[in-house]
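Chemist: What shape does this take:
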Amino acid sequence: LLRPLPQHFEPLKGTLSGIFLARFAAYNDALAEFEGCEGAWDRCPVFGFVTRYAPKRVGQQLREMHASLMQDPEAVMIASELGAAVRSTEASSSGSSAAPAVAHSDVLSQPLQPAPEEGGMRQQHVPRGLCRMGPGCLRFLRRFCILVLLSALAGALAAGLASLLQHSIHSWQ
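Modeler: You can find the predicted model right below:
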């Protein structure tokens, strides 16, 4: 939002800035979960890319963007409107139950790779809402694959026996 947007996105800049300002506290809360991971890195188990954690640098960039966007009157106005809408929505739905948290057994916890200049291993950070395939999911997938394989083998065996039986009936006639 601090860099020039492509021309066709320019009309959205005020709205995007307002949304950022309204959600700034939530972004900081999410970033606080990563404070213990500073300098460590992790490999994505699904796609294999490497993530290097730098929450201090990201936090500084967020604070700079916040300070800059607070100078934009349109963004501040939209943020205050969004804040009021969020507060009224939270007040009206205060009786409803919150979304269930991720169960500990559904999250794989493996050590992070230490930063090259540091020694020792760190515990892997798994933020709220990030589900990795845990033991229960892996067990289900394993059983499902075995079931599919056994079904395919049983189908092939049945087709082979039917063909053999049909061939032997024709040869006896």
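Chemist: For the chain, just list every one of the strands.
Modeler: 41-43, 50-52 (DSSP state E).
Chemist: The first one - what's its average pLDDT?
Modeler: Rounded to a whole number, the mean pLDDT of strand 41-43 is 81.
Chemist: For it, buried residues please.
Modeler: D42 (16 or more other CB atoms under 10 Å). All C-beta spots, glycine's among them, are computed from the backbone N, C-alpha and C.
Chemist: Please shift the residue numbers so they start at 766 in all later answers.
Modeler: In the new numbering, first residue 766, that becomes strand 806-808.
Chemist: give me every residue that touches the residue nearest to A787 when sequence neighbours are not counted.
Modeler: Nearest-residue entry for A787: L847, 3.9 Å, with adjacent residues in sequence omitted and distances by CB to CB, 6 or more residues apart in numbering. Listed by CB atoms under 8 Å, 6 or more residues apart in numbering, the contact set of L847 reads G783, I784, A787.
Chemist: Tell me which of the strands of the chain sits nearest to P776.
Modeler: strand 815-817 (33.3 Å; CB to CB).
Chemist: partners of that closest one in the sheet?
Modeler: When pairs are called by DSSP bridges, strand 815-817 turns out to pair with strand 806-808 (antiparallel).
Chemist: Give me the buried stretch members for stretch 773-787, please.
Modeler: For stretch 773-787, a neighbour-count test (16+ other CB under 10 Å) marks K778, G779, S782, G783, I784, F785, L786, A787 as buried.
Chemist: Give me the subset of those lying in helices.
Modeler: Per DSSP state H, helices hold the following members of those: K778, G779, S782, G783, I784, F785, L786, A787.
Chemist: how many neighbours does L834 have?
Modeler: 22 (other CB atoms under 10 Å).
Chemist: what about it, distance to G783?
Modeler: 8 Å (CB to CB, to the nearest Å).
Chemist: list residues touching both of the two?
Modeler: A840, V841.
Chemist: how about the helices in the chain?
Modeler: With DSSP H as the criterion, the chain has helices spanning 778-787, 789-797, 820-834, 838-857, 900-937.
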